[in-house]
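Colleague: need coordinates for the below:
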Amino acid sequence: MFVELIGSSSETHSVNNWTHFMPYVCMLSIIVCAVSLEYWRQKALRHHPANYVSGIYNTLLIAGSVAFGAIFFGEFEGMKSGIIVLFVLSVCLSFVGVTMLTIGDNWCATAMNTFLFVDQALNVPQKNADIDSPTGEEKLIEVNEHASVV
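Modeller: Residues are numbered from 1 along each chain as shown. The predicted structure follows:
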């Protein structure tokens with residue numbers, strides 16, 4: 001919007017947009033929104049992992065950009081219905097990708113912890129270990145019993 005305002009002001013046959021109060025209100029609201037967005041994003045980063053915050057931010061940015069372009073600039077007016085359906089599907093696919101990136105690290109960490117826990121339970125005793133120490137199969141049974149109790 002700001003770029004369009006400057007572009008239309010530079011045209012030779014246009015009216016000077018800077019004589020009206022609205023461009024200044026737009027500039028002020030852009031600055032206030034940018035500063036408050038960064039403030040709240042930093043506050044969210046203090047309390048939540050970065051992959052959640054950036055994932056939610058990117059999803060809202062995509063949805064807001066699509067809605068703003070559709071409403072303000074009328075970008076969907078000249079499109080055929082099949083192209084609009086493909087566009088909506090591609091936006092939904094980007095939401096799925098952002099969701100996978102957001103939950104992916106947490107899922108991978110949980111899976112790795114599970115595999116490491118089972119791997120530690122299956123370790124064969126050292127040569128100098130007691131004869132009475134449990135074998136890998138006995139440790140696995142203990143792990144399964146512990147998991148079923150929890």
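
Colleague: what residues does Gly69 make contact with?
Modeller: By Cβ atoms under 8 Å, 6 or more residues apart in numbering, Gly69 lies in contact with Glu75. Bear in mind the C-beta positions are built from the backbone N, C-alpha and C, glycine included.

Colleague: that one and Ile62, how far apart?
Modeller: Separation of Gly69 from Ile62 (Cβ to Cβ, to the nearest Å) stands at 11 Å.

Colleague: which sections of the chain are below the confidence cut-off?
Modeller: By pLDDT under 70, the low-scoring segments of the chain are 1-2, 4-15, 105-150.

Colleague: would you map the helices across it?
Modeller: Under the criterion DSSP state H, the chain carries helices at the ranges 2-10, 22-47, 50-72, 81-121, 136-149.

Colleague: tell me how many other residues crowd Thr99.
Modeller: For Thr99, the neighbour count with other Cβ atoms under 10 Å is 13.

Colleague: okay, now the spatially closest residue to it that is not a sequence neighbour: neighbour count?
Modeller: The shortest distance from Thr99 to any non-neighbouring residue, by Cβ to Cβ, 6 or more residues apart in numbering, is to Gly55 (7.0 Å). Gly55: 20 surrounding residues under other Cβ under 10 Å.
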